[in-house]
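Visitor: Fold the stuff below for me.
(4 chains)
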2 protein chains.
Amino acid sequence: MKHIAESTVRRLSLYLRFLESQMQRGLETISSGDLAALGGTTSAQVRKDLSFFGSFGTRGLGYSVPALTRRIREILGLEREWRVVIVGAGKIGAALAQYEGFRERGFRVAAVYDVDPARIGKSLDGVVVRDQRTLDADLAALQADIVLIAVPPEAAQSIVDRVARAGIRGILNFAPAALHAPPGVMLRSVDMALELEILSYALAASK
Amino acid sequence: MKHIAESTVRRLSLYLRFLESQMQRGLETISSGDLAALGGTTSAQVRKDLSFFGSFGTRGLGYSVPALTRRIREILGLEREWRVVIVGAGKIGAALAQYEGFRERGFRVAAVYDVDPARIGKSLDGVVVRDQRTLDADLAALQADIVLIAVPPEAAQSIVDRVARAGIRGILNFAPAALHAPPGVMLRSVDMALELEILSYALAASK
DNA sequence: CTAATCTTGTGAAATGATTCACAAGGCCCG
DNA sequence: CGGGCCTTGTGAATCATTTCACAAGATTAG
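Guide: Model (predicted):
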């Protein structure tokens, strides 16, 4: 299939959120304009986004809410459950381990790791923190699909290298560090301080 | 000034990180190629990014690390301290309140709010959780610049409305909800489940 | 059945971002 | 001091994304 822009995938996720909330209200159909209003975009953008994957709408009427919901979940790969391993059980790692939003959307936290003996053995919402030395060996048995990195920035790259070698193909990094992954491994970063700096720029520039 | 793309500002933040680490090592100058290698981009991109704000380099030599560091900090509005208020003291809010990365980069957590009596009064790294009912009235006295939203998704929009009315012009939202801010208010969202869904898409599509 | 009204799907146009390519400037060595 | 070697700064070209605009399909009302 042709390459799809990340911005398109991001919007599909948003549409899905909205569709799910509309489904709960029992709405049967929805137009591209309605979907656009939520996402802060335009109806043409919505139709173009969907058109990359086929044509799911009915002219004159709009989209079937249940059918489009199902189709987007399928496109995003959300039919299945994804098994997530968190590395780092500090403030951020612990908060992620207990975050409801992951479970709700089909991401199951299979294990949490740390190096600190004071943290190892503690339970976070039913998941016991394990010794990071066993991480590499455990990954296959855990059937882990995705690794979340929540360790100090100087330790982050070595985690990427280790889990990539162990066959992990998806990594979401929360450490404020610029990391590099080998080809075939998808690495994304969420950098909270950096997001604040973008706000800082905007506030300072608009003065 | 001409409008600057968000992707450019994002990269400037990354360059700054790298420059600061090079400064500690005492390096005097750096080339666009070196900066590019870190950010996973190209030397032309680095030069173009910087060229929007002036010309700071020396042909044949590169950029002065201290001078470029200072200049980027200035561009991003980071010479001053920004006062941040966190709304919501649940798992995520508490983790954000204690996050080192903010303090390190000049963002000072001035106050934390919650509605839950069980949380109000507790201390998070020296900041006492306050009653959310006093939020609107407190904001001016706190001289808050930026609000971080870490409340349940259904409560998030009303926080945006309240703090915008109180004069806040920068908001960073961590709730998985599509929010809308009035004109003149900069609103960004960090949606952790959505980042996982983008990974999910990539993993499912590459099969 | 026809007319009026919606709303999709999609080429084409417009806009935006990145990459290319090279002249110009500055350093260093002999 | 002159030649060789780097590296910047920047128009122009390429590539990507968004917006426009409209034909075509589908519904509803009379």
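Visitor: Around DNA strand D, pick out the residues from chain A.
Guide: Proximity of chain A to DNA strand D (CB under 7 Å from any atom of the strand) is limited to residues A:3, A:5-8, A:41-42, A:44-45, A:47-48, A:58-61. Any C-beta I mention is one placed from the backbone N, CA and C, and that applies to glycine too.
Visitor: The same query, at a cut-off of 6 Å, please.
Guide: With CB under 6 Å from any atom of the strand as the criterion, chain A meets DNA strand D at residues A:5, A:7-8, A:41-42, A:44-45, A:48, A:58-61.
Visitor: now the residues you listed as CSV including distance to B:Q157, pLDDT and secondary structure?
Guide: Below are those laid out as CSV (distance: CB to CB, whole Å; pLDDT from 0 to 100; DSSP: H, G, I helix; E, B strand; the rest coil):
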residue, distance to B:Q157, pLDDT, secondary structure
A:A5, 28, 97, coil
A:S7, 23, 97, helix
A:T8, 25, 98, helix
A:T41, 18, 96, coil
A:T42, 21, 97, coil
A:A44, 26, 98, helix
A:Q45, 22, 98, helix
A:K48, 27, 98, helix
A:T58, 31, 94, strand
A:R59, 33, 94, coil
A:G60, 32, 92, coil
A:L61, 29, 93, coil
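Visitor: Taking the residues you listed, please make a PyMOL selection of just the buried ones.
Guide: Of the residues of chain A next to DNA strand D, the buried ones can be selected in PyMOL as follows, counting by 16 or more other CB atoms under 10 Å in any protein chain shown:
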select buried, chain A and resi 8+41+45
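Visitor: Are stretch A:46-65 and chain B in contact anywhere?
Guide: No. Stretch A:46-65 stays clear of chain B (CB under 8 Å from any CB of the partner chain), getting no nearer than 10.7 Å.
Visitor: no no, stretch A:77-97
Guide: Yes. Using CB under 8 Å from any CB, stretch A:77-97 comes into contact with chain B via A:77-78, A:82, A:84, A:91-92, A:94-96.
Visitor: ok, so of these, who is nearest B:I30?
Guide: When those are compared for distance to B:I30 (CB to CB), A:I92 wins out at 30.2 Å.
Visitor: Let me know how buried that closest one is, in neighbour terms.
Guide: Neighbourhood size, A:I92 [other CB atoms under 10 Å in any protein chain shown]: 25.
Visitor: May I have the residues that are in contact with it?
Guide: Contacts for A:I92 (CB atoms under 8 Å, 6 or more residues apart in numbering or on different chains) come out as A:150, A:174, B:95, B:99.
Visitor: again with A:G88
Guide: Applying CB under 8 Å, 6+ apart to A:G88 gives the contacts A:113-114, A:149-152, A:175.
Visitor: cool, A:R105 as well?
Guide: A:R105 neighbours (CB under 8 Å, 6+ apart): A:78, B:193, B:196-197.
Visitor: The residues you listed into CSV, with extra columns for distance to DNA strand C, neighbour count and pLDDT?
Guide: Shown next, in CSV, are the contacts of A:R105 (distance: CB to the nearest atom of the strand, whole Å; neighbours: other CB atoms under 10 Å in any protein chain shown; pLDDT from 0 to 100):
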residue, distance to DNA strand C, neighbour count, pLDDT
A:L78, 21, 20, 97
B:A193, 25, 19, 97
B:L196, 23, 25, 98
B:E197, 21, 26, 98
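Visitor: Using CSV, please lay out those residues together with secondary structure.
Guide: Shown next, in CSV, are these (DSSP: H, G, I helix; E, B strand; the rest coil):
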residue, secondary structure
A:L78, coil
B:A193, helix
B:L196, helix
B:E197, helix
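Visitor: of the residues you listed, closest to A:T134?
Guide: B:L196 (24.0 Å).
Visitor: In space, what's closest to that closest one - neighbours in sequence excluded?
Guide: What sits nearest to B:L196 in space, not counting adjacent residues and going by CB to CB, 6 or more residues apart in numbering or on different chains, is A:F107, at 5.4 Å.
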